[in-house]
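J.: here is a sequence with its predicted model. Questions after.
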Amino acid sequence: MIKQELREEVAQATRLFWEKDLSPGQDSGDTSLRDPQTNLIYICPRPKPGVLHIPNWGVIKDEHIVVINQQGEVVDDFGLEPTVEAPMHLAIYEARPEVNAIVHSHAVWSSAFAVTGKNIPLILAEQSLRLGGEVRCAEYGSVGSDDIARNIVKALEGHKNAALMMNHGAVCLGKNFEEAFIVSNFLEKGAKTALLGTVLGKLITRRPDEILDQRLLKKAK
């Protein structure tokens, strides 16, 4: 069953995506939401000449959101196709059943690492708690390809909440959009802090097991 309220939620999140400067314009980057009850995925559309023009995601409406199944087949009747990155979204959802929201950004600071193929090092405690530690840069894959889908899933192994897409952008995950956007915020802060820190000197990195006091870890078990 297709749920109108989920179309509206994705459209609202995608407009926020634009407002937060996670997309430079047109259809750069995208978002999606999985309904855990039906496993249907509500995802950004692909622009279609003469049918759907998108100067930026700030103008997206709920009727533009495409609904697909786990095989990538469109199950609504709005006449639009999903974003070309739908295979990547599907691959992430298949590999990470606890994830229900994905924010695929083209933001500046994380992209600076993506274009150099470098990981964002673990330098802040919040990176470990929110991102899963160091953020890996996935191997390159062309836009919309199965390669990029496989490479991103691999970079997210170990329950990472974010990964970089070489020469492209980043993906941030959450059980809902609130979590995914929080991850995106910390991703950009971590990337910016790392780049600015190198101006002052060598970065001081930390291991994940150094972040939380061992007494807290014992209580969590």
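T.: Good, I have the coordinates.
J.: could you list the low-confidence segments of the protein?
T.: Low-confidence segments of the chain (pLDDT under 70): 214-221.
J.: may I ask you to name the longest helix in it?
T.: With secondary structure taken from DSSP state H, the chain has its longest helix at helix 177-200.
J.: and the gap between the nearest residue to F186 once chain neighbours are set aside and I204?
T.: Among residues not flanking F186 along the chain, R130 sits closest, at 4.3 Å (C-beta to C-beta, 6 or more residues apart in numbering). Every residue, glycine included, has its C-beta placed from N, CA and C. If you measure R130 against I204 using C-beta to C-beta, to the nearest Å, the figure is 19 Å.
J.: and those two? Which one has more around it.
T.: Legend: neighbour count by other C-beta atoms under 10 Å for R130 and I204, higher for R130 (22 against 8).
J.: contacting residues around that one?
T.: By C-beta atoms under 8 Å, 6 or more residues apart in numbering, the contact list for R130 reads N161, I182, V183, F186.
J.: does it count as helix, strand or coil?
T.: When classified by DSSP: H, G, I helix; E, B strand; the rest coil, R130 comes out as helix.
J.: looks like L129 contacts I211 (just checking).
T.: Yes. L129 is in contact with I211 according to C-beta atoms under 8 Å; the separation is 6.9 Å.
J.: can you count the residues close to E73?
T.: 9.
J.: buried ones in the longest helix of the chain?
T.: Using 16 or more other C-beta atoms under 10 Å as the test for burial, helix 177-200 gives 177, 179-184, 186-188, 190-194.
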